[in-house]
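> Here is the input, now give the coordinates:
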Amino acid sequence: MLDIPLHDTYFVTGHFHLIMGVASIFGIFAATYYWFPKMFWTHDGRGPGAVALWFTLIGTYAIFMPMHYLGMAGATRRYSQFTD
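Numbering: from 1, shown residues only. Coordinates of the predicted model:
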C-alpha cells in the first residue's frame, strides 16, 4: 500500500541504489576475497576481509538510509532545487 505515496520520492532512489549498486559491489568484494588467495597462493586471514565488510556496510548505510528517511518524509526526487 506504500507504492503510490512513495513513488516519486527519494525512497525509490535510495532503495534502488542500495539494493542494485551495493549488491554488486559486495559481490565483487566477496569474489575478490575468495579468489585472490586461490590465484596467488597467499592467505591474509579473516581480518582484512572483516574490516572491509564493516567499513563498506556502515558507509553504504550512512549514504543511502538518509534517502529512505527523506522519501518517507515526502521529499520529491525530480527537482533541482527546492527554493527560488
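> Against Tyr69, how distant is Ala52?
Distance of Ala52 to Tyr69, computed by Cβ to Cβ, to the nearest Å: 26 Å. Placement of C-beta: from N, CA and C, glycine included.
> And the helices in this protein?
10-16, 22-40, 47-73 (DSSP state H).
> Could you identify which of those helices is most buried?
Neighbour counts averaged per stretch over the helices of the chain are highest for helix 10-16, at a mean of 18; criterion: mean count of other Cβ atoms under 10 Å.
> Which strands and helices lie in contact with that one?
Applying 3 or more Cβ pairs under 8 Å, 6 or more residues apart in numbering; DSSP states H and E, we find helix 10-16 packed against helix 47-73.
> Tell me where the model's unsure across this structure.
1-2, 84 (pLDDT under 70).
> Tabulate the helices of the chain (TSV), appending distance to Tyr79.
Formatted as TSV, these follow (distance: least, Cβ to Cβ, whole Å):
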stretch	distance to Tyr79
helix 10-16	11
helix 22-40	25
helix 47-73	12
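> among those, which is nearest Asp3?
helix 10-16 (10.0 Å; Cβ to Cβ).
> Surely Ala75 is in contact with Tyr10?
Yes: Ala75 lies in contact with Tyr10 (Cβ atoms under 8 Å); the separation is 5.1 Å.
> Number of residues surrounding Arg78?
7 (other Cβ atoms under 10 Å).
> Please read the previous query as pertaining to Ala75.
Neighbours around Ala75, by other Cβ under 10 Å: 16.
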